[in-house]
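Novice: Sequence plus predicted model, see below.
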Amino acid sequence: MAEADLIMSEILVIGATGNVGRHVVVQLLTAGVAVRALARDPESAELPRGVEVVGGDLSRPETLEAALTGTDTVFLIWPFLTTEGAPAVMETIARHARRIVYLSSSGVNDDGERQTDPINQLHADMEGLIEESGLEWTVLRSNTIASNARGWAEQIRATGVVRGPDIAATAVIHERDVAAVAARALIDAGHAGAKHVLTGPRVISRGEQVDTIGEAIGRRTRFEKVPLEVAREQMLADGRPPALVEALLASAETRPESNLVTSTVEEITGASARTFRSWAEEHAALFR
């Protein structure tokens, strides 16, 4: 690709301290791009050397000015369960930046008036705000991200049994693959107005994920489906916010089955999408 087709200005990563965002930062640094990261507490961000970490809080749009000054490209992960506050954030971003890449959900249906569950509805609403912002935008609609399985670590270490609500099987995607596509969309020209649907290489159920983790750690593990009420009590007892619990349970109850598998990761990055098995093997120590 010609140098003129590359975006070479400093890129701001919002969500840089999360599972996907950290990998986006690494991918950009590896590509030789100047990276700025937003963090509520820069001192505890623990991001790689070479990243400019700037303090700011999405819940207080006025604190974003310093992070946005001098950058024209933004990667955005929205961490909240509603779009409350998002219009003000988008207005602030649009005053400084020219381009935005947003991490959304593959469950968003462009043809539906309403989405199947609150999480997909949130992403659909965010996409709408971004499209109306006047920014040049790219949307990454990601399938279930493998790092969600981190939430099972305590149960697997303690008993080898993951108890929870079942959710329709999907083509789970490695967070590094999401980040690799994000980096290309942020660096390369030609992604404006695109909605890239990202999946792993095959559809896999929760039970299969738990079995795969067991194989990676050399232990017998299993998934045990529990009624929604039991799952609600357990998740609340674990300290999860009530609003998040209800959103997750609504997803478990209403999200339809999907056999969707795309080749987008390979088309954009040149490398095949990683399997869930590879993720489990990489993260085996977390579950032992």
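Specialist: Alright, I've got the coordinates. Residues are numbered from 1 along each chain as shown.

Novice: The nearest residue to residue 222 once chain neighbours are set aside - how many residues pack around it?
Specialist: Residue nearest to residue 222 in three dimensions, not counting chain neighbours: residue 161, with 5.7 Å by Cβ to Cβ, 6 or more residues apart in numbering. For the C-beta atoms, the positions are set from N, CA and C on the backbone; glycine is no exception. Using other Cβ atoms under 10 Å, residue 161 has 14 neighbouring residues.

Novice: so what's residue 161 up against?
Specialist: By Cβ atoms under 8 Å, 6 or more residues apart in numbering, the contact set of residue 161 is 155, 221, 222, 223, 224.

Novice: Restricted to strands, list the residues you listed.
Specialist: The members of the contacts of residue 161 that map onto strands under DSSP state E are 222, 223, 224.

Novice: Tell me who's in contact with the second one.
Specialist: Applying Cβ under 8 Å, 6+ apart, we find residue 223 in contact with 161, 162, 164, 166, 206, 207, 209, 210, 211.

Novice: Which residue, neighbours along the chain excluded, lies closest to the fifth one?
Specialist: Setting aside the residues directly before and after it, residue 206 is nearest to residue 223 in space (Cβ to Cβ, 6+ apart), at 5.2 Å.

Novice: What helix or strand is residue 201 located in?
Specialist: Secondary structure from DSSP states H and E places residue 201 outside every helix and strand.

Novice: So it sits against residue 260, correct?
Specialist: No. Judged on Cβ atoms under 8 Å, residue 201 makes no contact with residue 260 at a distance of 12.0 Å.

Novice: Neighbour count: those two, which is higher?
Specialist: residue 201 (21 against 13).

Novice: on that earlier part again, tell me which of the contacts of residue 223 fall in strands.
Specialist: Counted as lying in strands by DSSP E, out of these, are 161, 162, 164.

Novice: Distance check, the second one against residue 78.
Specialist: Think residue 162. Distance, residue 162 to residue 78, by Cβ to Cβ, to the nearest Å: 27 Å.

Novice: One more: the first one?
Specialist: Separation of residue 161 from residue 78 (Cβ to Cβ) stands at 33 Å.

Novice: okay, and for this structure, where does confidence drop off?
Specialist: 1-8 (pLDDT under 70).

Novice: what ranges do the strands span in it?
Specialist: Under DSSP E, the chain gives strands at 11-14, 35-39, 52-55, 73-76, 99-105, 136-142, 161-164, 195-198, 222-225.

Novice: Kindly spell out which helices and strands sit in contact with the third one.
Specialist: Of the remaining helices and strands, those touching strand 52-55 by 3 or more Cβ pairs under 8 Å, 6 or more residues apart in numbering; DSSP states H and E are strand 35-39, helix 65-68.

Novice: what's in contact with the last one?
Specialist: Think helix 65-68. Taking Cβ under 8 Å, 6+ apart as the rule, helix 65-68 contacts 12, 14, 36, 38, 54-56, 74, 92-93, 95-97.

Novice: Can you give the distance from it to the centre of its chain?
Specialist: Chain-centre distance of helix 65-68: 23 Å, with Cα atoms, centre = their mean, to the nearest Å.

Novice: Now it: buried residues?
Specialist: 67, 68 (16 or more other Cβ atoms under 10 Å).

Novice: Now that residue 250 has come up, it's in contact with residue 118, right?
Specialist: Yes. With contact defined as Cβ under 8 Å, residue 250 and residue 118 form a contacting pair (5.3 Å).

Novice: Verify the stated contact: residue 177 with residue 200.
Specialist: Yes. Using Cβ under 8 Å, residue 177 makes contact with residue 200 at a distance of 7.5 Å.

Novice: Tell me the residues that contact both of these two, please.
Specialist: 273, 274.

Novice: ok, which pair from the contacts of residue 223 is furthest apart?
Specialist: Taking every pair in those and measuring Cβ to Cβ, the maximum separation is 14.8 Å, between 164 and 211.

Novice: ok, those two, which is more surrounded?
Specialist: Higher neighbour count among residue 164 and residue 211: residue 164, with 22 against 17, using other Cβ under 10 Å.
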